[in-house]
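Visitor: only the shape, not the letters, is given here:
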Ligand SMILES: Nc1ncnc2c1ncn2[C@@H]1O[C@H](COP(=O)(O)OP(=O)(O)O)[C@@H](O)[C@H]1O
Ligand SMILES: [Mg+2]
């Protein structure tokens, strides 16, 4: 018997980091943004804008696509245009964002407690060395803007503060306009804001189909299966979740030794992405609990494995630092673990020494936990309307 044909031919195109060449159902938004940028740039002016929309509504894909398109053809008079993308979720302070921007203009500064204004001086020198119009995309900017940012103001007033020529794009799940300081607001008037509606089921089918054609073997899927996936993801209009199920279903089908994806594979994939835990249960989890769960999920390399609690605590501490959150005390860490055990989300087994426990968890995928944490810490709309 010959082995069944593979299904996942180019799995990398299903990865969230893959930038699709075409954004179906966002053509209007992309064209509008491109037009406004071009108009601004042709007059020698930077253009700033604020892009909002729920999780998986295509914000990141849209602004990265815009950036790539502009970088290819855009110029500001005789200045070449360069795009700098920074995800601020884990860098919710001016200084950490600035460190990334410095790297992008190819000046490196050791992270040794330089002040923001010192960093800005170095940044300015970097831009002056190779003059360019910089389009700065600040993704997941909610925490940054809601914090005490001066950077947003400075970047949107780059000319006045002599920082060179900069266009600023802010991306967030919620409308950040109310959180901007008065002078920054004037840079983000109504024609500088774009809100992405959640995708409906039909749009999700088209997005899935486009991507399935890139990633999967022709003939390994049909529209019916894609529609089934779209139905699952439609309540949140979340394309990221839809693509995750597609990827999962393709894996289940391959593991089952078949060469086409069928409804049962989709159900199984959905089941492992949204496990025994109900959505309302997940919604009820606190940020502390989600953080600990995410640390567990990162520590467990395979299903059914467990991690020693001390090791977990170190992973968790690193995660908390990454998120820029205050450190968690040992007591709170333990109390959170116990709460999760009581809720049946993790298992705790005390070792012989009585000191270090083994912490186990059934699969709550890191991707789902990350999304939930993002929603919670970014203050995005809840998963359920
Ligand atoms: N209109 C679209 N066409 C094709 N793929 C899309 C579209 N919108 C979103 N995606 C894909 O869905 C996933 C989630 O989109 P993303 O831009 O990360 O959402 P957000 O940033 O709003 O959470 C990504 O893999 C992205 O490439
Ligand atoms: Mg995003």
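Guide: Arrived safely, thanks for sending. It should be emphasised that the depicted structure is a prediction, and the values quoted were computed from it without experimental measurement. Ligands and ions are numbered 1, 2, ... in the order given.

Visitor: residue contacts, the residue of the chain found nearest ligand 1?
Guide: In the chain, the residue found nearest to ligand 1 is residue 58; the distance is 2.8 Å by C-beta to the nearest ligand atom. Just so you know, the C-beta spots here come from the backbone N, C-alpha and C atoms, and that holds for glycine as well. The contact partners of residue 58, taken as C-beta atoms under 8 Å, 6 or more residues apart in numbering, are 23, 25-26, 196, 199, 239.

Visitor: now tabulate the residues you listed in a markdown table and tack on secondary structure and neighbour count.
Guide: Rendered in a markdown table, the data for the contacts of residue 58 read as follows (DSSP: H, G, I helix; E, B strand; the rest coil; neighbours: other C-beta atoms under 10 Å):
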| residue | secondary structure | neighbour count |
| --- | --- | --- |
| 23 | coil | 19 |
| 25 | coil | 18 |
| 26 | coil | 23 |
| 196 | strand | 18 |
| 199 | coil | 27 |
| 239 | helix | 27 |
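
Visitor: now, among those, which is nearest to residue 48?
Guide: Using C-beta to C-beta, residue 196 is the member of the contacts of residue 58 that lies nearest residue 48, at 17.5 Å.

Visitor: re earlier: can you redo the contacts of residue 58 as JSON lines with pLDDT and distance to residue 172?
Guide: Formatted as JSON lines, the entries for the contacts of residue 58 read as follows, by pLDDT from 0 to 100; distance: C-beta to C-beta, whole Å:
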{"residue": "23", "pLDDT": "96", "distance to residue 172": "19"}
{"residue": "25", "pLDDT": "97", "distance to residue 172": "20"}
{"residue": "26", "pLDDT": "97", "distance to residue 172": "17"}
{"residue": "196", "pLDDT": "97", "distance to residue 172": "11"}
{"residue": "199", "pLDDT": "96", "distance to residue 172": "18"}
{"residue": "239", "pLDDT": "94", "distance to residue 172": "17"}
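
Visitor: and of those residues, the nearest to residue 51?
Guide: Nearest to residue 51 among the contacts of residue 58, with distances taken as C-beta to C-beta, is residue 196, at 7.0 Å.

Visitor: list the beta-bridge partners for the closest one.
Guide: Each beta-bridge partner of residue 196 is listed here, defined by DSSP bridges: residue 53.

Visitor: so it sits against residue 50, correct?
Guide: No: with the criterion set as C-beta atoms under 8 Å, residue 196 and residue 50 do not qualify as a contacting pair; they are 11.5 Å apart.

Visitor: quick check, pLDDT for the residue of the chain closest to ligand 1.
Guide: Per-residue pLDDT puts residue 58 at 96.

Visitor: repeat for the one 10 residues further on
Guide: The pLDDT attached to residue 68 in the predicted structure is 92.

Visitor: what's the closest non-adjacent residue to it?
Guide: Once flanking residues are discounted, residue 68 sits nearest to residue 19: 6.8 Å by C-beta to C-beta, 6 or more residues apart in numbering.

Visitor: how much space separates that neighbour from residue 25?
Guide: Residue 19 sits 16 Å away from residue 25, taking C-beta to C-beta, to the nearest Å as the criterion.

Visitor: possible to save the contacts of residue 58 as JSON lines with distance to ligand 1?
Guide: What follows is the contacts of residue 58, written out as JSON lines (distance: C-beta to the nearest ligand atom, whole Å):
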{"residue": "23", "distance to ligand 1": "4"}
{"residue": "25", "distance to ligand 1": "5"}
{"residue": "26", "distance to ligand 1": "4"}
{"residue": "196", "distance to ligand 1": "7"}
{"residue": "199", "distance to ligand 1": "7"}
{"residue": "239", "distance to ligand 1": "3"}
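
Visitor: out of those, which is nearest to residue 129?
Guide: Of all the contacts of residue 58, the one sitting nearest residue 129 is residue 23; the distance, using C-beta to C-beta, is 34.5 Å.

Visitor: how much space separates that closest one from residue 63?
Guide: The spacing between residue 23 and residue 63, counted by C-beta to C-beta, is 11 Å.
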